[in-house]
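Student: Okay, sequence plus prediction incoming.
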Number of protein chains: 2
Amino acid sequence: MSITVPAGFRLSGVRSGIKQDATKEDLTLIVADAAAVAAGVYTQNLVYAAPVAVDRQRTPTAEFRVLVANSGNANACTGQRGLEDAEQMARLAAEACGADSSQALVMSTGIIGHFLPMDKIANGIRQAANALGSDEAAFLAAARGILTTDKGLKIAARELQIGDHTIRLAGMAKGAGMIGPRMATMLAVVLTDAPLAVDDAQTALTTAVGDSFNCISVEGHTSTNDTLLLLASGEAGGRPLAGDDLAAFQAALNGLCIELARMIPDDGEGATHLITIEIQGAASRDDAMRIARAIADSALVKTAIAGGDPNWGRIVSAAGYSGATLDPDRLSLSINGTRLFSHGGPVDFDAPAVSRSIRDNRETHLLLELAEGAADLRFWTSDLTTDYVRFNADYHT
Amino acid sequence: MSITVPAGFRLSGVRSGIKQDATKEDLTLIVADAAAVAAGVYTQNLVYAAPVAVDRQRTPTAEFRVLVANSGNANACTGQRGLEDAEQMARLAAEACGADSSQALVMSTGIIGHFLPMDKIANGIRQAANALGSDEAAFLAAARGILTTDKGLKIAARELQIGDHTIRLAGMAKGAGMIGPRMATMLAVVLTDAPLAVDDAQTALTTAVGDSFNCISVEGHTSTNDTLLLLASGEAGGRPLAGDDLAAFQAALNGLCIELARMIPDDGEGATHLITIEIQGAASRDDAMRIARAIADSALVKTAIAGGDPNWGRIVSAAGYSGATLDPDRLSLSINGTRLFSHGGPVDFDAPAVSRSIRDNRETHLLLELAEGAADLRFWTSDLTTDYVRFNADYHT
């Protein structure tokens, strides 16, 4: 994939020394050349990290200038000192690019409960300010700077033509564990040069998150640091998007967010399968979400897929305890296109063939049909393997 | 432990051939010599098994005569035929002991989505009716007949003196996986010779379940078959318990149910730790339950305990997304008696010592103090190990 950085932004990713691995970038800077629009959505966890507290107060805004993000330390559960550190981090980033402190946003991800090494952060910011660029290499370095246990980069881009103007979107995300977003994901940033009014930017982002980052989980544990930002420079030119143009932008943003969001469970810690849970005919969207989450968060469902077992009883029973309205006699389930359970009763099916279709493919598709109403939803999760357990049991604070 | 069977009951456990393992009992019969009181609590899963449908209609009752239970097949998600099979199973058990069909209750546990082998069930019931006894050996055989993946027997007993009468309680339970009861547990039966009015029996059981079987989980997956029955013969003599006597019985029943309930996560599939989650000072009991369940069901918390890691960030963040009211700045956490997080901030502690205390003990004690209100709760769960994943990924339908 080739990424063109949306006009009006410069980026960098450097190694400040927060992470132990000497080969890994751990600090990212994203600078808007002039005041830009920034919208954000954040974790709903009541125990939220200091950088979330700072950004939540400062977005949405039309005065954004700089985002500084670090990996290796979440600055969460760090009390008053943590909050002061996050504000200081924002101030240092603003100073490094000639902006006002209030124009800076900050993100952190990594271990919970440790204070930020502020000397390393300060050095990293100076280094990053000298490394800013607007080419693909700069974008990739910035995308690497926010990764933790991710196996690879999570980036996506879109381009659309609106009148005479070419509008670009480019996004980056991170996350592989502690993924059960209720409002956003671990960390993700979408850059665009679209001209957007502040309120429209916030609405567009909130809309996009509903079907993307809010529809993924790894183990359902909502992080303290989930943050998704949309940064819009307006450098593509033209008047603030409205009407059909705004709708076209929204569609592009939705598609980009879904593409980024799916990458997270696909890279779930220890995962061998990306599981798509498709809910059709729920009584309401809330019900569809409850059912999808109950299935996605069931260790029994996740281990069955890991083992290539078309164990439909575990899936149907998870739907049953989800809290959603459902009549078992109207319920049907298919795995990878084969119907296993139909209108409340078991059906004969070729179990070895379905098992093979699970084993032989990275993606598993579960389709649950409820016939209760008109609400549909797609949700993505990862399977649960011994590698997930080993990874998280061996990880030490 | 020595068990005296409460007066008025005979039991047996036999092998009918439902389970593949030729050394395992798989059918249990419990007969009351005369009409007895039976109260029940059942799964809240909307996808509930046929035997649950039958028993729910028939309890509470003062006309109970016989309970037949099988392991190896859950008779769940089996539609109309499954319901007819459960009714037929009850009828066969009633006939074998000269009772009316409506006086019989039925329990099933095992694989979901397969029809009961009714010929084996019928033979098993005949065999079990000829093997009834009222000694400890009969009780133990009956307790074995309901086990599935359990590593050992789950039994408990109490004795109390009320006036001139010695009242006995004896209980049995099964369950090691698919444990996230919302109303009862997989399968459990408590026998007593106490004289109890029907309504008092139901109330006593519903009360006891609140602090016992509703306060455990293995992976939080609520089963389709959860059933807890209290069978009271009245053979201890005396008038129906009331006032202080009923309160004394309630206390004994509570203690017995907690003892049985704890055995389930202690024997959780692959478990190496029994984790007690103690919540103090929640705003309400519902809030305390939400927090306890969020912690208990977090794969990140469970793997941390498996790895002997005092990873308090995972525990505190689980409380934060539980949906309960809490102010992080009032929150404190201790593990095995050591304070790790105090009023919203990290504290210095001897991490290797706490890690050792987790590794060296079967039980881990988590104490979360909220200072939001007066609600306290204890909840028990198991850790999450590679053995759990292996067991449930290798299990095949």
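Tutor: Here it is on my side, so go on.

Student: And the lowest mean pLDDT element among the helices and strands of chain A?
Tutor: strand A:216-217 (a mean of 84; mean pLDDT, DSSP states H and E).

Student: What is the following helix or strand past it packed up against?
Tutor: Per DSSP states H and E, the first helix or strand lying C-terminal to strand A:216-217 is strand A:227-232. Here strand A:227-232 touches strand A:27-42, helix A:50-58, strand A:61-73, strand A:104-111, strand A:187-192, helix A:198-210, going by 3 or more CB pairs under 8 Å, 6 or more residues apart in numbering or on different chains; DSSP states H and E. Glycine gets a C-beta too; all of them are placed from N, C-alpha and C.

Student: now strand A:227-232 against strand A:61-73, angle please.
Tutor: 140 degrees (axes from the mean of the first three to the mean of the last three CA atoms, to 10 degrees).

Student: Excluding its own residues, what touches strand A:227-232? List them.
Tutor: Residues outside strand A:227-232 that contact it (CB atoms under 8 Å, 6 or more residues apart in numbering or on different chains) are A:9, A:30, A:32, A:36-43, A:51-52, A:55, A:59, A:64, A:67, A:105, A:107, A:184-196, A:201, A:204-205, A:209, A:213, A:253, A:257.

Student: from those, which are also near chain B?
Tutor: A:Thr43 (CB under 8 Å from any CB of the partner chain).

Student: what residues are up against the residue in the stretch 101-250 of chain A that chain B sits nearest to?
Tutor: Closest residue of the stretch 101-250 of chain A to chain B, CB to the nearest CB: A:Ile112 (2.8 Å). A:Ile112 is in contact with A:Ala74, A:Ala76, A:Cys77, A:Thr224, B:Gly313, B:Arg314, B:Val316, B:Ser317, counting by CB under 8 Å, 6+ apart.

Student: What subset of those residues is buried?
Tutor: Neighbour counting by 16 or more other CB atoms under 10 Å in any protein chain shown classes A:Ala74, A:Ala76, A:Cys77, A:Thr224, B:Gly313, B:Arg314, B:Val316, B:Ser317 among these as buried.

Student: Next up, the contacts around the fourth one.
Tutor: Neighbour list for A:Thr224: A:43, A:45, A:47-49, A:52, A:74, A:76-77, A:112, B:313, B:317, B:320 [criterion: CB under 8 Å, 6+ apart].

Student: Turn those into a markdown table, columns for pLDDT and distance to A:Gln20.
Tutor: Shown next, in a markdown table, are the contacts of A:Thr224 (pLDDT from 0 to 100; distance: CB to CB, whole Å):
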| residue | pLDDT | distance to A:Gln20 |
| --- | --- | --- |
| A:Thr43 | 87 | 26 |
| A:Asn45 | 88 | 26 |
| A:Val47 | 89 | 25 |
| A:Tyr48 | 91 | 26 |
| A:Ala49 | 93 | 21 |
| A:Val52 | 94 | 25 |
| A:Ala74 | 93 | 15 |
| A:Ala76 | 92 | 19 |
| A:Cys77 | 90 | 21 |
| A:Ile112 | 88 | 17 |
| B:Gly313 | 91 | 18 |
| B:Ser317 | 92 | 22 |
| B:Gly320 | 92 | 27 |
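
Student: The closest residue to A:Ser355 other than its chain neighbours: which element?
Tutor: Take A:Ser355 and drop its neighbours on the chain: the residue closest to it by CB to CB, 6 or more residues apart in numbering or on different chains is A:Gly308, 4.9 Å away. In the assignment (DSSP H and E), A:Gly308 maps to no helix and no strand.

Student: same thing with A:Arg378?
Tutor: strand A:375-382.

Student: any weak-confidence spans in the stretch 151-300 of chain A?
Tutor: A:182-186 (pLDDT under 70).

Student: Quick one: closest of the helices and strands packed on strand A:227-232 to A:Ser334.
Tutor: helix A:198-210 (25.0 Å; CB to CB).

Student: List the buried residues of the closest one.
Tutor: So for helix A:198-210, counting by 16+ other CB under 10 Å, buried means A:Val198, A:Asp200, A:Ala201, A:Gln202, A:Thr203, A:Ala204, A:Leu205, A:Thr206, A:Ala208, A:Val209, A:Gly210.

Student: what does that helix rub up against?
Tutor: So helix A:198-210 is contacted by A:37-41, A:59-62, A:183-184, A:190, A:196, A:228, A:230, A:232, A:240-242, A:246, A:249-250, A:253-254, A:256-257 (CB under 8 Å, 6+ apart).

Student: what is the orientation angle of that helix with strand A:375-382?
Tutor: Using the same axes, to 10 degrees: helix A:198-210 against strand A:375-382 is 70 degrees.
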